[in-house]
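> Got a sequence here, can you build the structure:
(4 chains)
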Protein chains: 2
Amino acid sequence: MTTEPDGELSRPARRQAEIAAYVVEHGSVSANDLVEAFGVSVMTVHRDLDELERQGVVRKYRGGVSAQPTSVFESNVAYRLNTAQTEKAALARYARTMIEPGMSVMLDDSTSALALVDLLEDITPLTVATNFLPAITALTGRRDITLVALGGIYSATHDSFGGMPCAEAVEALHTDLLFCSVSAVSPTHAFHQEEEIVLVKRAMLRAARTKVLLVDHAKLQRTALHRLAPLSDFDVVVVDEKTPEELIRPLRDHGVTVEVATF
Amino acid sequence: MTTEPDGELSRPARRQAEIAAYVVEHGSVSANDLVEAFGVSVMTVHRDLDELERQGVVRKYRGGVSAQPTSVFESNVAYRLNTAQTEKAALARYARTMIEPGMSVMLDDSTSALALVDLLEDITPLTVATNFLPAITALTGRRDITLVALGGIYSATHDSFGGMPCAEAVEALHTDLLFCSVSAVSPTHAFHQEEEIVLVKRAMLRAARTKVLLVDHAKLQRTALHRLAPLSDFDVVVVDEKTPEELIRPLRDHGVTVEVATF
DNA sequence: GTTTCTTATCGTTCTTCGGTGTTATCTTCT
DNA sequence: AGAAGATAACACCGAAGAACGATAAGAAAC
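Numbers count the residues shown, from 1 in each chain, chains lettered A, B, ... in the order given. A predicted model of the protein is given here:
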């Protein structure tokens, strides 16, 4: 798992993700180790490590770096962008079909939601509320889209805004739709790794009429620390085509509406 | 006034500002007029006009464009960035000296505040709250700075977030300092052109302990529609060095603390 | 229908800036 | 003091993308 992830990431971003994985795997390594392992100069390694530290993924000390808890590595944006991008595109395409002109849509800080932003071209008028900075930036250019930024405390790890201020901003709204994602899904519940995130997502769930959960199949076989909400809180759970039937059935058995996004 | 503003703007942005000024001056002009006046192709003119329309500065119709009320032109970001940049830099440098490590600072969506952002390098730790997107973007990179984004409805004209949601976000905070700017200043009051902006600025005034008003001398000889607040609400009014003494005296006579930012 | 204006599309140019290594300076540990 | 590691300060290279114009297709006026 330490080698060649692919995806549409810039070279340094990809390398940083690889370095992060390497560090997580080895627990702690020296800068020189990384120089050898990745064939770049010391300077570049340090720059990468600075960036990773800024994102909260590693801790630097004199002589090397050590890994932070895996959970924060997994919610690292660069890492997530790397993962299952084709699945996410499919999920986004499905989500796209649920949106009608004139609606208001809320998006959380997930890469699935970001994929959706690119597909919003010709739905107009439209109101979009999100706390995810890349999504915000992408939407500022769009005339005909009313953009509501959900402010809050900036998190470099997620590149989004969160915390109490964000939750409060969410409370003040009510949208037609919510598209969000989580770290892990059991047959009965959705889970997430970080508590502050849970705060915001719960608020979002309260603030939308129709709630849609977007998950690729990897999420169904994983677990995460914090229970976010029962799946019954969602109106639809959308999974990708590669999801094995035997993972879908338990969900349906528990009364969850599951839709499969075909590619 | 229609010719050669300078500044550190990209070429198209500068030209767009010039076109905007041209349109404001002439009330309404045809695309071809602009082609001649600026020596670029029709296509480029149209693209510029589209952008200006997106920002709410002009209105396009078949055969040409017409100007929106001057007020919105004057709050157009590109235009403001162009204006009095050296003065703004001086104001920012002065403001910089008022900030101590550990403080929390609120910035409004003014270009003066943006100039200040660049000077925040070595004050650490620091908390900054702002609704100005360029400032937010600039600050996301900074480790050691806690960034609180003030969300709200995106305005392309100002490139910032506003409206009720933003005002509410502001209410929920309380910072040590506030740096803001306005369109116009009389000996007794600060004024602004747009009502929604007033809403947010008033909230900011309520949410900070020490309030600092940054104005270049041009502001002192102007008027604007909406009364924002009495100058007594501000703890300090900072003006630039080029401000004539006879404009400062009336302020002081009314009990306002005026500081002059030397270049 | 004709003319005038506008928009879409494409390819070229140009600039900007991200990404990098090298060298030199500065820190910190021993 | 010396050595190893970290950071700062240039300078270079290349690629991504902005900027623009020419042309063609489309829409609206007349």
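
> In the stretch 101-250 of chain A, which residue sits nearest DNA strand C?
Nearest to DNA strand C in the stretch 101-250 of chain A, going by C-beta to the nearest atom of the strand, is A:Asp122, at a distance of 10.5 Å. Just so you know, the C-beta spots here come from the backbone N, C-alpha and C atoms, and that holds for glycine as well.

> Make sure that residue is indeed in a helix.
No. According to DSSP: H, G, I helix; E, B strand; the rest coil, A:Asp122 belongs to no helix; its state is coil.

> How much space separates it from A:Ala115?
Look at A:Asp122 and A:Ala115: by C-beta to C-beta, to the nearest Å, they are 16 Å apart.

> Close to DNA strand C: what parts of the stretch 51-200 of chain A are there?
Proximity of the stretch 51-200 of chain A to DNA strand C (C-beta under 7 Å from any atom of the strand) is limited to residues A:Arg62.

> Give me the below-cutoff pLDDT ranges for the stretch 51-200 of chain A.
Counting by pLDDT under 70, the stretch 51-200 of chain A shows low-confidence ranges at A:69-84.

> Near DNA strand D, which residues of it are found?
Counting by C-beta under 7 Å from any atom of the strand, the stretch 51-200 of chain A sits next to DNA strand D at A:60-64.

> out of those residues, which is most surrounded?
Using other C-beta atoms under 10 Å in any protein chain shown as the neighbour test, these are led by A:Gly64, with 18 neighbours.

> show me where the stretch 51-200 of chain A has helices.
A:70-74, A:77-82, A:85-96, A:111-117, A:133-140, A:163-171, A:195-206 (DSSP state H, counting those that start in this stretch).

> Make JSON lines from these and add distance to A:Arg249 to it.
Formatted as JSON lines, those follow (distance: least, C-beta to C-beta, whole Å):
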{"stretch": "helix A:70-74", "distance to A:Arg249": "27"}
{"stretch": "helix A:77-82", "distance to A:Arg249": "27"}
{"stretch": "helix A:85-96", "distance to A:Arg249": "19"}
{"stretch": "helix A:111-117", "distance to A:Arg249": "23"}
{"stretch": "helix A:133-140", "distance to A:Arg249": "33"}
{"stretch": "helix A:163-171", "distance to A:Arg249": "33"}
{"stretch": "helix A:195-206", "distance to A:Arg249": "25"}
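
> and of the residues of the stretch 51-200 of chain A next to DNA strand D, the nearest to chain B?
A:Lys60 (11.2 Å; C-beta to the nearest C-beta).

> Distance check, the nearest residue to that closest one once chain neighbours are set aside against DNA strand C.
What sits nearest to A:Lys60 in space, not counting adjacent residues and going by C-beta to C-beta, 6 or more residues apart in numbering or on different chains, is A:Glu53, at 5.2 Å. Here the criterion is C-beta to the nearest atom of the strand, to the nearest Å. By it, A:Glu53 lies 16 Å from DNA strand C.

> Just give the number of residues close to A:Glu53.
There are 16 residues near A:Glu53, going by other C-beta under 10 Å.

> any idea how far it is from A:Val65?
For A:Glu53, the distance to A:Val65 (C-beta to C-beta) stands at 8 Å.

> Touching, the residue nearest to A:Lys60 and A:Ser66? I think so.
No. The criterion here is C-beta atoms under 8 Å, and A:Glu53 misses it with A:Ser66 at 10.6 Å.

> tell me which parts of the stretch 51-200 of chain A are close to chain B?
A:53-54, A:131, A:133, A:136-137, A:139-140, A:143, A:146-154, A:156, A:159, A:161, A:165-166, A:168-169, A:172-173 (C-beta under 8 Å from any C-beta of the partner chain).

> swap the cut-off to 6 Å and go again
By the rule C-beta under 6 Å from any C-beta of the partner chain, the part of the stretch 51-200 of chain A lying against chain B is A:54, A:140, A:143, A:147-151, A:153-154, A:161, A:165, A:168-169, A:172.

> Pretty sure A:Leu116 sits against A:Ala92.
Yes. If you go by C-beta atoms under 6 Å, A:Leu116 and A:Ala92 touch, sitting 4.2 Å apart.

> coming back round to it: so A:Asp122 and A:Ala115 - more neighbours on which side?
Shown here are A:Asp122 and A:Ala115; by other C-beta under 10 Å, A:Ala115 has more neighbours (23 against 8).

> quick one: contacts for that one?
Going by C-beta atoms under 6 Å, 6 or more residues apart in numbering or on different chains, A:Ala115 touches A:88-89, A:92.

> one more time with 10 Å
For A:Ala115, the contact set (C-beta atoms under 10 Å, 6 or more residues apart in numbering or on different chains) comprises A:81, A:85-93, A:95-96, A:135, A:214.

> Name the SS class of A:Thr210, please.
Assigned by three-state DSSP, the conformation of A:Thr210 is strand.

> who's in contact with it?
Neighbours of A:Thr210 in contact, by C-beta under 10 Å, 6+ apart: A:98, A:103, A:105, A:175-179, A:234-236.

> Out of these, which is nearest to chain B?
For the contacts of A:Thr210, the residue nearest chain B by C-beta to the nearest C-beta is A:Thr175; the value is 12.5 Å.

> what is that closest one paired to in the beta sheet?
Per DSSP bridges, the residues bridged to A:Thr175 are A:Ala208.

> Do I have it right that it meets A:Thr146?
No. Assessed by C-beta atoms under 10 Å, A:Thr175 is found out of contact with A:Thr146, at 11.4 Å.

> what's the overlap in contacts for these two?
A:104, A:127-129.

> Now distance to A:Ala31 and neighbour count too, for the residues you listed, in JSON lines please.
Listed next are the shared contacts of A:Thr175 and A:Thr146 as JSON lines, based on distance: C-beta to C-beta, whole Å; neighbours: other C-beta atoms under 10 Å in any protein chain shown:
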{"residue": "A:Ser104", "distance to A:Ala31": "48", "neighbour count": "20"}
{"residue": "A:Thr127", "distance to A:Ala31": "47", "neighbour count": "17"}
{"residue": "A:Val128", "distance to A:Ala31": "42", "neighbour count": "28"}
{"residue": "A:Ala129", "distance to A:Ala31": "42", "neighbour count": "27"}
